[in-house]
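**Q** From the sequence below, what's the structure:
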Amino acid sequence: MPDTVASPARPRGSRFRRVFASRGVLLVAFAFSVMADPVSSVAYAVEAALRALGGDLSLLLATMGLVVAIITLVIVNYRQLIARYPKGGGASAAVGEAFGDGWSFIPIGALVVDFVLTIAVSVSAGASAVIAYFPQLAPWRIEIAVGLLLFVGFATLFGHLGRIIFAAMTLTFIALAALVLLYGLGVAPQDSGTISATAPHVPILAVLLAFPVAMALATGVEAPSTAIAELAELDDAGRRRFGRLTLWLTLGVVGTITMGLALELVHLKIGIPGADSTQIAELARVAAPAPLFAAFQLATALLLLAAASSSFQAGPGMLKALARHERSNGQLVGILPKALARTNSRHTPFWGVALFTALAVTITIIAGASDQKLVLYYAVAVFLSFLGGLLAMARFSFKEGRRASLALNMVGAIVVLFTLIMNLSRGLPLISLAAALIVSLILHQIWVRAGRPEGVRSAAAATTAQKS
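**A** Purely as a prediction, here's the structure:
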């Protein structure tokens, strides 16, 4: 009798555990694969900030603290965007709905530029990670970076890496970074690299000029708002929940690693490294045993290649979504040449991959495969997308009479605009802004000539939806 009574409860319990486990695994796989880009950015962003500070370690914590605070503000606002577009779409969907489809091309153009730069800076930083462990390879920096780029692009033709693989790379890096930081707590200060007692400007101005170069850490904030389109397993409420949790997890992980690295770099007095190393590599070399240092460099390089691979999937995918094609109902849509929609047997748009490969190789060679040069141009395009998304959300909040949300959206938009202005004030990032606007204008003109077809605002969602 006890067995008869107990038996119905077992399937229910095991079913609950299976559902919980599958949702838990899905969340981990989704969240940590999406955050590969911002987590990988710590490999060069903190060093970029210190270089902009002229090697003044005393201002590094304030600079990175400001970076994390701005990322927090953007994330708080993007929670609203995810709530409004649970099927994905991000800033392009919001801008299209708020201001008209034609304006969607501004965030779309910004994302195209962002994808190309992500590939270039990631493979260049990957080459730096390799050279930091094998300094004798320094004369072949460009060849190594281009080789890594071609390898990732070629691998993309054989199908997309799954969420689990990206998540595993991210989690491995996080675990090893935590070990390096723990080991560093017991190490005495080293006074290595170039350290300056004074910044190039008065402290507050030095921080304001330096923090934009480290905003590469924010480049992955847009991703959850579009990548939730991949989650066909979930309903709208589930996608909202996963998107928001991913944003908070990204903030927690990126913020903790960033501030942890900054604290330890200041404590150990590790300044700007030589040409053949990186700052976090020097931290790992000083703080950790040799096997851990080797594992950390390998994990760093693999995570950077994962970030490049993600953009190799998203960029050509966006062009495919914008290419002329026929819907299931027979309707012809799209504005770009049909060739960009052609895929191989692995459903990869090979002409799009070829185009992004050519652009990224060109940029990588021009920059001498220097991630510290490329990062100076990096965060401009994505902040243009942020600005569009926040202004769109502010318009919605105003029309719907949500005063608290409107205040939050406007504060976010003002801070993002300020960041963009401070970044552009350095001169060089104007090139990235011009490139994003030129791409946007070209796409807009093609759209007008095609008769202004509908659906362009959903291109970002279609990009990620077809990746799964």
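**Q** Show me what secondary structure element comes after the host helix or strand of Ser397.
**A** In this assignment (DSSP states H and E), Ser397 forms part of helix 371-399. Using DSSP H and E, the helix or strand that follows helix 371-399 in sequence is helix 403-424.
**Q** what comes up buried for that following helix?
**A** Applying a neighbour-count criterion of 16 or more other C-beta atoms under 10 Å, one finds 405-406, 408-410, 412-413, 415-416, 419-420, 422-424 buried in helix 403-424. Backbone N, C-alpha and C define where each C-beta goes, glycine included.
**Q** now the residues you listed in CSV, with pLDDT and distance to Val286?
**A** Listed next are these as CSV, based on pLDDT from 0 to 100; distance: C-beta to C-beta, whole Å:
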residue, pLDDT, distance to Val286
Ser405, 95, 47
Leu406, 96, 49
Leu408, 96, 42
Asn409, 96, 44
Met410, 97, 45
Gly412, 96, 38
Ala413, 96, 42
Val415, 96, 35
Val416, 95, 36
Thr419, 94, 32
Leu420, 94, 36
Met422, 92, 32
Asn423, 91, 31
Leu424, 92, 36
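**Q** Who are the packing partners of the helix holding Ser397?
**A** helix 42-52, helix 60-84, helix 90-99, helix 105-133, helix 403-424, helix 430-449 (3 or more C-beta pairs under 8 Å, 6 or more residues apart in numbering; DSSP states H and E).
**Q** Against which helices or strands is the last one packed?
**A** Other helices and strands packing on helix 430-449, by 3+ C-beta pairs under 8 Å, 6+ apart, are helix 105-133, helix 371-399.
**Q** Kindly report the same for the second one.
**A** Using 3+ C-beta pairs under 8 Å, 6+ apart as the contact definition, the elements that helix 60-84 packs against are helix 42-52, helix 90-99, helix 203-210, helix 223-227, helix 236-268, helix 371-399, helix 403-424.
**Q** Centre of the chain to the longest one, how far?
**A** So the one you mean is helix 236-268. 12 Å (C-alpha atoms, centre = their mean, to the nearest Å).
**Q** Give me the three-state assignment for Gly274.
**A** coil (DSSP: H, G, I helix; E, B strand; the rest coil).
**Q** For it, the count of nearby residues, please.
**A** 13 (other C-beta atoms under 10 Å).
**Q** ditto for Val28
**A** If we define neighbours as other C-beta under 10 Å, then Val28 has 17 of them.
**Q** Thr170 versus that one, what's the distance?
**A** 10 Å (C-beta to C-beta, to the nearest Å).
**Q** if you average pLDDT over the helix or strand that contains Val353, what comes out?
**A** Using DSSP H and E, Val353 falls within helix 350-366. The average pLDDT within helix 350-366 is 95.
**Q** List the buried residues for that helix?
**A** For helix 350-366, by 16+ other C-beta under 10 Å, it's 350-353, 355-357, 359-361, 363-364.
**Q** Dump these into JSON lines; add distance to Ser33 as well.
**A** Output for the buried residues of helix 350-366, formatted as JSON lines (distance: C-beta to C-beta, whole Å):
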{"residue": "Phe350", "distance to Ser33": "23"}
{"residue": "Trp351", "distance to Ser33": "26"}
{"residue": "Gly352", "distance to Ser33": "21"}
{"residue": "Val353", "distance to Ser33": "19"}
{"residue": "Leu355", "distance to Ser33": "24"}
{"residue": "Phe356", "distance to Ser33": "20"}
{"residue": "Thr357", "distance to Ser33": "22"}
{"residue": "Leu359", "distance to Ser33": "24"}
{"residue": "Ala360", "distance to Ser33": "21"}
{"residue": "Val361", "distance to Ser33": "25"}
{"residue": "Ile363", "distance to Ser33": "25"}
{"residue": "Thr364", "distance to Ser33": "24"}
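**Q** Which one of those is nearest to Val254?
**A** Minimum distance to Val254 across the buried residues of helix 350-366 is 23.7 Å, recorded for Ala360 (C-beta to C-beta).
**Q** Tell me how far stretch 38-48 lies from the chain's centre.
**A** Worked out by C-alpha atoms, centre = their mean, stretch 38-48 lies 11 Å from the chain centre.
**Q** which residues touch the nearest residue to Ala52 once chain neighbours are set aside?
**A** Nearest residue to Ala52, sequence neighbours excluded (C-beta to C-beta, 6 or more residues apart in numbering): Ala210, at 3.7 Å. Residues in contact with Ala210, defined by C-beta atoms under 8 Å, 6 or more residues apart in numbering, are 49, 52-53, 59, 63, 199.
**Q** For Leu137, give me its contacts.
**A** Contacts of Leu137 by C-beta under 8 Å, 6+ apart are 130-131, 144.
**Q** And for Val253?
**A** Counted by C-beta under 8 Å, 6+ apart, Val253 has contacts 35, 39, 174.
**Q** Look over those residues and name the one with the lowest pLDDT score.
**A** Minimum pLDDT across these falls on Met35, with 88.
**Q** any idea how far that residue is from Ile257?
**A** Distance from Met35 to Ile257, by C-beta to C-beta: 11 Å.
**Q** Same drill for these two, tell me which one is more crowded.
**A** Between Met35 and Ile257, counted using other C-beta under 10 Å, the more crowded position is Met35 (27 against 21).
**Q** tell me the phi and psi of that one?
**A** phi -90, psi 10 (degrees, to the nearest 10).
**Q** do you know how far it is from Thr219?
**A** Taking C-beta to C-beta as the criterion, Met35 is separated from Thr219 by 11 Å.
**Q** repeat for Gly238
**A** 26 Å.
**Q** cool, and Phe32?
**A** 16 Å.
**Q** Please name whichever of the helices and strands packed on helix 60-84 is nearest to Arg346.
**A** Of all the helices and strands packed on helix 60-84, helix 223-227 comes closest under C-beta to C-beta, at 19.9 Å.
**Q** Just the C-alphas of the closest one, formatted as CSV.
**A** Only the C-alpha atoms of helix 223-227 are listed here, as CSV (Å, rounded to 0.1, in the frame of the first residue of the first chain):
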residue,chain,number,x,y,z
ALA,A,223,22.9,41.5,-27.2
PRO,A,224,20.3,40.0,-24.8
SER,A,225,17.6,42.3,-26.3
THR,A,226,18.1,40.8,-29.7
ALA,A,227,19.3,37.3,-28.8
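**Q** Output the contacting helices and strands for that helix.
**A** Under the contact rule (3+ C-beta pairs under 8 Å, 6+ apart), helix 223-227 is packed against helix 9-34, helix 60-84, helix 90-99, helix 236-268, helix 459-465.
**Q** Apply 10 Å and report the result again.
**A** For helix 223-227, the packing partners by 3 or more C-beta pairs under 10 Å, 6 or more residues apart in numbering; DSSP states H and E come out as helix 9-34, helix 36-40, helix 60-84, helix 90-99, helix 236-268, helix 290-322, helix 459-465.
**Q** ok so, going back, which one of the contacts of Leu137 has the most neighbours?
**A** Ile131 (24 neighbours).
**Q** Would you agree it is in contact with Ser277?
**A** Yes. Counting by C-beta atoms under 10 Å, Ser277 is a contact partner of Ile131 at 7.5 Å.
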